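# What shape does this take:
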Amino acid sequence: MDKAAELDRFRDYLRFGSDEEGPKGDSSIAAYTYSVQRFLDFLNGRQPDREAVLAWAKQLLDDGNGASSVNRHIAALRSWFRSRGTELKIRGMKAIRKLPRRLEPQEWQRLLATVCEPLYNKDRPEVARVKALKERAILLVYLGGGLRLSEGICLEISDVKDEGYLRVLGKGGREEMVPVEDLVLQAVKDYLGTRRDDNPYLFPGKARGTHVSKGEMGSVIRAMARRAGLVGVHPHTLRHTAGAVLREMGADIRDIQDFLRHKDISSTQIYTQISKEALRSRLPRRLLSGLQGSLALPEGKEEVLDG
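This is a model prediction of the structure:
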C-alpha cells in the first residue's frame with residue numbers, strides 16, 4: 001500500500017464526506033489522518049483488519065496512552081475503514097476513572113496530631129493554641145460532614161445545630177441537614193470559645209462580616225497537610241475520605257449518596273471501587289491464613305498438576 005496516496009485519498013473522503021458521514025473540518029481531517037498514518041506505520045505491511053486494530057490499541061495503552069486518547073484513534077480508524085467500503089466493528093476502550101485521593105488512617109492521625117500539637121504542649125504560646133483549635137474545627141467539620149469546599153466556607157454559626165446537624169447550602173442552593181458526630185460539635189464549640197468577634201460566619205474572612213474565601217480555605221488546608229508531611233491533599237480530599245471510610249465500614253451506597261448529597265448515584269459509585277480495592281487487600285490475609293493448614297498436602301502425597 002502506498003501510504004502517501006492512501007492518506008491523500010482519505011483526506012479527500014473526509015473533506016467531501018459520504019452518505020455515511022458528513023464532511024470534516026480542517027482540524028478533524030488533520031487529526032484523523034494522523035491516526036491513520038500512525039496505524040499504517042504500526043502495520044508495517046500487515047493486513048489492516050480488526051485484529052490489527054486491537055493489537056495497536058493494546059500497544060497504545062501499554063505505552064501509557066489513556067483510554068480517551070485510544071478511543072479517538074479508533075474513531076478515526078472507523079472512518080478510514082468506512083472509506084474503504086468496510087465497517088470496523090470494535091468497541092471503544094472503557095475509560096478507567098482515576099480513584100480520588102483519600103487519606104489513609106495513619107495519614108489522618110498524623111494530620112490531626114500535627115494540627116493539635118500546641119494543645120498538648122504547655123510551652124506553646126496562646127496564639128498557637130487558638131490557631132490549633134480553629135484548624136482542628138476546620139478538619140473535623142469538612143471530614144465529619146463530608147462537605148464540599150463551598151459548603152464549609154458559607155457555614156454560619158447558627159448552622160451548627162446541637163442536635164447533631166450542620167445546615168449547609170448545597171449545589172443549586174438547596175438547603176441540606178448533614179448529620180455529624182459529637183466530636184465535630186465539640187471541636188466547633190472549643191473553637192468558638194476563642195472567638196471575640198460578632199461575625200456570623202463560622203470561618204470569618206478578612207473583611208468584616210464576610211466568610212473566608214475558597215482560595216483562603218484551600219490554602220489553609222493545604223498548609224496543614226504540608227506541615228504533616230502530606231502531599232496532594234486539598235479540601236475535597238477530606239470529602240473523598242469521608243465517602244471512602246463510610247463504604248469500607250459497610251455503609252450502604254444509597255446512604256453514602258444521601259450523606260454526600262450526590263444528586264446522581266453514579267457520582268457515589270466511585271466509592272464502590274475504593275471498597276473493592278480495600279477488600280482485595282484484606283481478603284488474602286483473612287482467607288488464606290484461615291486455610292493455611294488445610295492447604296498443605298497430606299504426608300506422602302505428591303502434587304499433581306493438570307496440563
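
# what helix or strand is Phe39 on?
Taking DSSP states H and E as the criterion, Phe39 maps to helix 26-43.

# so how far is that helix off the chain centroid?
Computed by CA atoms, centre = their mean, to the nearest Å, the chain-centroid distance of helix 26-43 equals 32 Å.

# Please list the residues outside it that contact it.
1, 3, 6-7, 10-11, 14-15, 24, 48, 52-53, 55-56, 59, 72-73, 76-77, 79-80 (CB atoms under 8 Å, 6 or more residues apart in numbering). To be clear about C-beta, it is placed using only N, CA and C from the backbone, and glycine gets the same treatment.

# mind redoing it with 7 Å?
Around helix 26-43, the neighbours that count as contacts under CB atoms under 7 Å, 6 or more residues apart in numbering are 3, 7, 10-11, 14-15, 24, 52, 56, 73, 76-77, 79-80.

# buried sites along the helix or strand following it?
Remark: after helix 26-43, the chain's next helix or strand is helix 50-62, criterion DSSP H and E. Of the residues in helix 50-62, those scored as buried under the neighbour-count criterion (16 or more other CB atoms under 10 Å) are 53, 56-57, 60.

# pLDDT-wise, what's the bottom of those residues?
Model confidence across the buried residues of helix 50-62 bottoms out at Leu60, which has 83.

# Let me know the secondary structure of the residue nearest to that one when sequence neighbours are not counted.
Excluding the flanking residues, the one nearest Leu60 by CB to CB, 6 or more residues apart in numbering is Val70, at 4.9 Å. Reduced to three states with DSSP: H, G, I helix; E, B strand; the rest coil, the structure at Val70 is helix.

# okay, now Val70: neighbour count?
Applying other CB atoms under 10 Å, we find 20 residues neighbouring Val70.

# Surely it and Asp62 touch.
No: between Val70 and Asp62 there is no contact, the gap being 10.6 Å when judged by CB atoms under 7 Å.

# Mind checking what secondary structure Gly64 has?
Recorded secondary structure, Gly64: coil (three-state DSSP).

# which ones are touching Val180?
The neighbours of Val180, taking CB under 7 Å, 6+ apart as the test, are 144-145, 164-166.

# ChimeraX command for the buried members of those?
Buried residues among the contacts of Val180 (16+ other CB under 10 Å), as a ChimeraX selection:
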select :144,145,165,166
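
# nearest to Ala113, of the contacts of Val180?
Ala113 has its nearest neighbour among those in Gly144, at 17.0 Å by CB to CB.

# pLDDT score assigned to the nearest residue to the closest one once chain neighbours are set aside?
Counting by CB to CB, 6+ apart, Gly144 lies nearest to Val184, which is 3.9 Å off, once chain neighbours are set aside. Among the per-residue scores, Val184 holds a pLDDT of 96.

# And for Leu295?
Leu295 carries a pLDDT value of 42.

# Report the distance from the strand or helix carrying Ile256 to the chain centre.
Assessed by DSSP H and E, Ile256 sits inside helix 253-260. The offset between the C-alpha centroid of helix 253-260 and the centroid of the whole chain comes to 16 Å, using CA atoms, centre = their mean.

# who does it touch, helix- and strand-wise?
In terms of contacts (3 or more CB pairs under 7 Å, 6 or more residues apart in numbering; DSSP states H and E), helix 253-260 is packed against helix 235-248, helix 270-295.

# Quick one: work out the angle between that helix and helix 235-248.
Counting by axes from the mean of the first three to the mean of the last three CA atoms, to 10 degrees, helix 253-260 lies at 150 degrees to helix 235-248.

# For helix 253-260, buried residues please.
Those buried within helix 253-260 under the rule 16+ other CB under 10 Å are 253, 256-257, 259-260.

# Domains in this protein, by residue range?
3-83, 105-270 (automatic domain parsing).

# mind putting those in TSV, distance to Lys89 included?
Converted to TSV, the domains of the chain look like this (distance: least, CB to CB, whole Å):
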stretch	distance to Lys89
domain 3-83	7
domain 105-270	28
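
# For this structure, name the helix or strand with the lowest mean pLDDT.
Taking mean pLDDT, DSSP states H and E as the measure, the chain has helix 270-295 as its least confident helix or strand, at a mean of 57.

# pLDDT below threshold where in the chain?
Within the chain, the ranges that satisfy pLDDT under 70 run 92-99, 273-307.
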